[in-house]
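> Give the three-dimensional model of this entry:
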Amino acid sequence: MAYAVYQDELRDMVHLLKYERMQMMAKPLGGFLARAIEMLESEAGRDLLVVAVPLFPSKERERGYNQAVLLSDAALAELKRSRPEWKLQAAHRVLRRVKNTRSQFELTPKGRRRNLVGAFAVTDREMLAGREVLLVDDIYTTGATARACAKALRSAGASKVWVATASRAQPEMVALWSASSETAVWDAG
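This is a model prediction of the structure:
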């Protein structure tokens, strides 16, 4: 699920958070992410582990934070108030980026997939065993990052991986994406 298309004000807000170090953008963007997560409510389980797409450690040190973690935490805070019956548990450290990949921005879809081979590793298989995971990020572009993360999570025992982002590059909306089937269901809404 994605809140909206990556354009106009939403694009500006993501850029401010990601490249201009304006961490205060995480709260409104996290609110948008919460709206996207709510769209999964009738499909996903009630007890989800929430994992932000990790940055490579040197990239995170350089930026000073992981924007996906900030967005995720802001969304979870809002959802705890609006959906207290939904048990969402942050588990950001269960997945880590072990390969310092090139920026995805400059790559073709095929290049993105190749760039991410072996990029992610699970640190706690026990925590994932049989659990549904909600993977969160700022932008869904081609799905290469989400698929690489989901593959690592599913290989480590997650029963299902859902994906929610604050924005999407495609004009269509990714309604549901299940790593078990490794397919996306597109909804023009």
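
> Which of the three states applies to the residue of the chain most remote from its centre?
What lies farthest from the middle of the chain is residue 85; by CA atoms, centre = their mean that is 21.9 Å. Three-state assignment for residue 85 (DSSP: H, G, I helix; E, B strand; the rest coil): coil.

> Return the per-residue confidence for the nearest residue to it once chain neighbours are set aside.
Setting aside the residues directly before and after it, residue 85 is nearest to residue 46 in space (CB to CB, 6 or more residues apart in numbering), at 7.1 Å. C-beta: built from backbone N, CA, C; applies to glycine. In the predicted model, residue 46 carries a pLDDT score of 88.

> now the residue farthest from the centre of the chain: how far from residue 32?
To residue 32, residue 85 is 22 Å away according to CB to CB, to the nearest Å.

> Assumed residue 137 was part of a strand.
Yes: Residue 137 sits within a strand when classified using three-state DSSP.

> Share the number of residues neighbouring the closest residue to it other than its chain neighbours, please.
The shortest distance from residue 137 to any non-neighbouring residue, by CB to CB, 6+ apart, is to residue 53 (4.2 Å). Residues near residue 53, counting by other CB atoms under 10 Å, number 25.

> and if you look at residue 108?
The tally of other residues near residue 108 (other CB under 10 Å) stands at 10.

> again, but for the one 10 residues further on
A count of neighbours around residue 118, defined by other CB under 10 Å, yields 10.

> Residue 99 versus that one, what's the distance?
In terms of CB to CB, residue 118 sits 6 Å off from residue 99.

> now residue 32
Distance from residue 32 to residue 99, by CB to CB: 29 Å.

> and if you look at residue 36?
27 Å.

> So which of those two has more stuff around it?
Ranked by neighbour count (other CB under 10 Å), residue 36 and residue 99 place residue 36 first, with 23 against 13.
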